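1. Structure for this input, please:
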Amino acid sequence: MTTKRLQEMILQLPGLNLPERSEYVAWAQLVQLTSIQPSEIAELVDLGWISPKKTSAEEYLFRLRDVYRIHKLMRLVKDLDVTFDSGSIIVDLLDRVEELEKEVEELRRLV
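-> Numbers count the residues shown, from 1 in each chain. Predicted coordinates for the structure are as follows:
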């Protein structure tokens, strides 16, 4: 799922009170978009795996990238039958591989 597709899905959620072009989703939207249990989101926040921003009303706002990462995590947990902790490590490693591939590509352009 692409970030653009996520933004389109978010804008269609009922009761949405975020600015149209927001890069953030509220807790309820995150739960709805990812089908993850609220206790699991709290666990990911406690682990520091995702770092939401807090509003002045002490409510969490999550980046669209967090939604994407949680989708990856839930897919790994479900499809490969790995634990939540193992899946989060795999997602972190996949993110790191993606970053390194981008760096290699940028270096190739310079040569």
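2. Look up how far residue 93 lies from residue 51.
-> Distance, residue 51 to residue 93, using C-beta to C-beta, to the nearest Å: 18 Å. C-beta here means a position set from N, CA and C on the backbone, and glycine is covered the same way.
3. In contact with residue 98, which residues?
-> If a contact means C-beta atoms under 8 Å, 6 or more residues apart in numbering, then residue 98 has no contacts.
4. Tell me the confidence at it?
-> Among the per-residue scores, residue 98 holds a pLDDT of 95.
5. That one sits in which helix or strand?
-> Using DSSP states H and E, residue 98 falls within helix 84-110.
6. Return the set of buried residues in that helix.
-> Residues of helix 84-110 classed as buried: 84, 87-88, 90-91 (neighbour count, 16 or more other C-beta atoms under 10 Å).
7. Grab the most central residue of this structure for me.
-> Of all residues in the chain, the one closest to the mean position by C-alpha atoms, centre = their mean is residue 66, 1.6 Å from it.
8. Surely that one touches residue 53?
-> No. Taking contacts as C-beta atoms under 8 Å, residue 66 lies outside contact range of residue 53: 10.5 Å.
9. so where's the protein uncertain?
-> 1-4, 6-8, 10-21 (pLDDT under 70).
10. quick one, helices of it?
-> 3-11, 27-34, 38-47, 64-79, 84-110 (DSSP state H).
11. closest one to residue 57 among those helices?
-> Closest approach to residue 57 among the helices of the chain (C-beta to C-beta): helix 27-34, 11.7 Å.
12. What is that closest one packed up against?
-> With contacts defined as 3 or more C-beta pairs under 8 Å, 6 or more residues apart in numbering; DSSP states H and E, the packing partners of helix 27-34 are helix 3-11, helix 38-47, strand 60-63, helix 64-79.
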